[in-house]
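Trainee: Next comes the sequence, and after it the predicted model I'd like to discuss.
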Amino acid sequence: MRLMFLGDVMGRAGRAAVASELPKLRAAWKLDFVVVNGENASNGAGLTAAHAEVLFEAGADCVTLGDHAFDQKDMLRAIEEDSRILRPLNFAKGAPGRGARLFEATRGRKVLVVQVLGQVFMKRPFDDPFSAVETAVKPYPLGGQAQAVLIDVHAEATSEKMALGHYVDGKASLVVGTHTHVPTGDAQILPGGTAYLTDAGMCGDYNSVIGMEKAEPLRRFITGMPKGRFQPALEEATLSGVYVETDDRTGKATRIEMVRHGGRLQQAGPAPVTGL
């Protein structure tokens, strides 16, 4: 199966890039299933139902959220009405929606998507992500109930993401980190067959401070005093994420490639699977 995961969509620039480019990538790379993290898609904080629909129309099969899951209040209702949107598994007990779901991909194949929040350096304590993920994946062994299992780890600490990747090695097809908006260069297949990337990066304007216009973050770093609100940067965005191929029989990864499409981080050379 050919899977693509795109990192945190950042504001209008990120939405526009996904809307313009994902349909082309989906067709050219013959993708079977696409997950997009949309947690910053609406003005850099949360996701509205209308903006979720933009991502689905572009070709996302599933949209994951994160610690800003309900910053946009209409998501409290939208996530109950649209099961393609996932919030973190270990969010507040009374939170609406779900953190894991078994989806249908091309040719009737099944993909389990799970999202979980890290605990280290996060602003508020969340439930243990390790036990939450273990409970979610246990009923869906690779090559059995699910042909692929994809886990989005929305966390600050690289060590926590790496630890979770090793914890589920052999039980997931892909473990990919989100939240920091900075793409890492450690795409690999772990010994048990799980594809891993510490952070997918963002789908946004990289002429910025993690997707925000530079002036206000710089002012706060230099003076310690805020003057205005953070505003998403609006120049051409880069789509950042990861592409993975899996074996349907075992569910394990056979190939992983980082995705850097357009904008300032355009990767050199041809797309990894063009022409297949």
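Mentor: Perfect, I can see it now.
Trainee: Now do residue 212 against residue 37, distance only.
Mentor: Separation of residue 212 from residue 37 (CB to CB, to the nearest Å): 17 Å. Where C-beta positions appear, they are placed from N, C-alpha and C, glycine not excepted.
Trainee: who touches the residue nearest to the spatial centre of the chain in this structure?
Mentor: Centroid check for the chain by CA atoms, centre = their mean gives residue 37 as the closest residue, at 3.7 Å. Residues near residue 37 by CB atoms under 8 Å, 6 or more residues apart in numbering: 5-9, 63-66, 152, 154, 178, 200.
Trainee: Same question for residue 237.
Mentor: Neighbours of residue 237 in contact, by CB under 8 Å, 6+ apart: 10, 13-14, 16-17, 203-206, 262-263.
Trainee: Ok, residue 67 next?
Mentor: Going by CB under 8 Å, 6+ apart, the list of residues near residue 67 reads 39, 88, 117, 122-124, 154, 179.
Trainee: Just name the lowest-scoring one in these, pLDDT-wise.
Mentor: Among these, residue 124 has the lowest pLDDT, at 75.
Trainee: Backbone torsions only: list them for the residue nearest to the centre of the chain.
Mentor: Phi and psi for residue 37, reported as degrees, to the nearest 10, are phi -80, psi 120.
Trainee: Next one: it from residue 169, what distance?
Mentor: Residue 37 is 22 Å from residue 169, by CB to CB.
Trainee: still on that earlier bit, go through the contacts of residue 37 and name the one nearest residue 32.
Mentor: residue 5 (12.6 Å; CB to CB).
Trainee: thinking again about what came up before, hmm, which of the contacts of residue 67 are the buried ones?
Mentor: 39, 88, 117, 122, 154, 179 (16 or more other CB atoms under 10 Å).
Trainee: Are we agreed that the second one is in a helix?
Mentor: No. Residue state for residue 88 (DSSP: H, G, I helix; E, B strand; the rest coil) corresponds to coil; a helix is not indicated.
Trainee: which residues touch it?
Mentor: 65-67, 69, 99, 115-117, 126, 154.
Trainee: TSV please, covering these and showing secondary structure and distance to residue 48.
Mentor: Formatted as TSV, the contacts of residue 88 follow (DSSP: H, G, I helix; E, B strand; the rest coil; distance: CB to CB, whole Å):
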residue	secondary structure	distance to residue 48
65	coil	12
66	coil	15
67	coil	17
69	coil	12
99	coil	20
115	strand	19
116	strand	23
117	strand	21
126	coil	23
154	strand	19
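Trainee: Give the ChimeraX command for selecting the buried subset of the residues you listed.
Mentor: Buried residues among the contacts of residue 88 (16+ other CB under 10 Å), as a ChimeraX selection:
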select :65,66,67,69,99,115,116,117,126,154
